[in-house]
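Student: got a predicted model here, sequence first, then my questions.
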Amino acid sequence: MFDSRDTAKPMPPAFPRWLGDIGGTNARFGWQASEASAITDVHVLPCAEYDSLKDAATAYLNLIQRAAPASAAFGIANPVFGDAIAMTNHHWRFSVNELRCQLGLERLLLINDFTALALALTQLPDNAKRSVGGPNATPASDAAIGLIGPGTGLGVSGLLPLGYQNKWIPISGEGGHVTLSATTQVEFDVIKQLQKRYGHVSGERIISGTGLVDLYHALGDLHGGAAREIVTPAQVWERALAEPNSRANEAIDLFCGFLGTAAGNLALILGARGGIYIGGGIIPRMADRFDRSPFRERFEEKGRFKGYLEKIPTWVITSPISPALQGASRALSLGIW
């Protein structure tokens, strides 16, 4: 987290506030007029169409025909350790302090995007999430909650309970870059193929948009065909829908299996008996195809701890408006956390 303020002025008004969810592919912005107000004027801008975050943010203000408010909070798909930001999965680089001044803000709070999303989890209504498997799973009210989600990259976060007044501490880490493990021979073979290209094969190298394409290509290499005609995740998905017995469907099952393994690992590491949420832009689009994938089986497949994981629910976040915007707003209100 980095909180940039104009220290020559008193603390700016909390509302209205400008909210952002900045990913490697899209930048989402919204506006909140008051604490009791819903987030409105939500627009999604493709990052590739803008040279900088400043340009994308300015374009948003032009769209909604408003001047910048005093306060803003943006979640960004990147580690946030200080003023200097260089995005992992996009070319934007900037100073938070300079960006605040360029946009005419008195306060700009920048946090990791999945930390922002985690802050919204306890406030998600039932119609903004969908249960996946686990018919005997029930969330524990006093336990940690995990969050994982593939998109341009692989986001990982969670919430740890403080034990009083329903207070939670969000986790800000880079769990998407841990070393990915294999549990089947095909997975071992796929990882071996990708090691030739990347050396270190992290979760994000496979459980992400580009990772799905790499999975498809790796399967082609293993089966003796180059299979380089597909170059985007959307093309993998289209091929899978058109040809149920295709290599594309095999890639999707591998993708979901790897995600299940990673989500199960996260649940064990955090003791996330409060449940695991799946965010990001890829899984919600799969709808019931995800339900038929190996995800839940692989989530529970942890030997002696299978019974432990069977009791943990898993949900796909389906909210049409990015809950990370709500989380960014909450971060702005919390002050110290």
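Tutor: That came through fine. Numbering: from 1, shown residues only.

Student: show me where this protein has its strands.
Tutor: Taking DSSP state E as the test, the strands found in the chain are 2-5, 17-22, 26-32, 39-46, 71-76, 84-86, 93-95, 107-112, 129-131, 145-150, 154-161, 168-170, 276-278, 314-317.

Student: could you say what helices and strands the third one packs with?
Tutor: The contact analysis (3 or more CB pairs under 8 Å, 6 or more residues apart in numbering; DSSP states H and E) places strand 26-32 against strand 17-22, strand 39-46, helix 53-64, helix 323-334. Just so you know, the C-beta spots here come from the backbone N, C-alpha and C atoms, and that holds for glycine as well.

Student: avg pLDDT for it?
Tutor: Strand 26-32 shows a mean pLDDT of 97.

Student: okay, now the sheet partners of it, with direction.
Tutor: Take DSSP bridges as the rule and strand 26-32 pairs in its sheet with strand 17-22 (antiparallel), strand 39-46 (antiparallel).

Student: how many residues are close by the nearest residue to Trp92 once chain neighbours are set aside?
Tutor: Leaving aside its sequence neighbours, Trp92 sits nearest to Leu53 (CB to CB, 6 or more residues apart in numbering; 5.1 Å). If you count neighbours by other CB atoms under 10 Å, Leu53 ends up with 24.

Student: about what we covered before: could you dump the strands of the chain into TSV and include mean neighbour count?
Tutor: Written out in TSV, the entries for those read as follows (neighbours: other CB atoms under 10 Å):
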stretch	mean neighbour count
strand 2-5	17
strand 17-22	26
strand 26-32	23
strand 39-46	15
strand 71-76	27
strand 84-86	14
strand 93-95	15
strand 107-112	25
strand 129-131	18
strand 145-150	28
strand 154-161	26
strand 168-170	19
strand 276-278	26
strand 314-317	22
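
Student: so which of these gets nearest Ser246?
Tutor: In this view, the strands of the chain are compared for proximity to Ser246 by CB to CB, and strand 145-150 is the closest at 20.6 Å.

Student: rounded mean pLDDT for that closest one, please.
Tutor: Confidence over strand 145-150 (mean pLDDT, whole number) is 98.

Student: measure how far it is from the centre of its chain, please.
Tutor: Once both centres are worked out by CA atoms, centre = their mean, to the nearest Å, strand 145-150 turns out to sit 7 Å from its chain's centre.

Student: give me the contacts around that strand.
Tutor: For strand 145-150, contacts defined as CB atoms under 8 Å, 6 or more residues apart in numbering pick out 114, 117-118, 121-122, 139, 154-159, 168, 175, 207-209, 211, 255, 259, 262-263, 266-267, 270, 272, 274-283, 317.

Student: about what we covered before: mind checking which of the helices and strands packed on strand 26-32 is nearest Ile312?
Tutor: Closest to Ile312 of these, according to CB to CB: helix 323-334, at 20.4 Å.

Student: what's the closest one in contact with?
Tutor: Contacting residues not belonging to helix 323-334 are listed as 1, 14, 17, 19-21, 28, 30, 32, 35, 39, 42, 71-75, 109, 111, 113-121, 123-124, 128, 279, 317, 337 [CB under 8 Å, 6+ apart].

Student: can you pull out the low-pLDDT segments for this structure?
Tutor: In the predicted model of the chain, residues 164-165, 226-227, 335-337 satisfy pLDDT under 70.

Student: please redo it, this time with the cut-off set to 80
Tutor: Per-residue confidence for the chain (pLDDT under 80) gives these ranges: 163-166, 224-228, 335-337.

Student: residues contacting the spatially closest residue to Met1 that is not a sequence neighbour?
Tutor: Among residues not flanking Met1 along the chain, Ile111 sits closest, at 4.7 Å (CB to CB, 6+ apart). Each residue near Ile111 by CB under 8 Å, 6+ apart is listed here: Met1, Phe2, Ala73, Phe74, Gly75, Ile76, Val80, Ser172, Ala328, Ala331.
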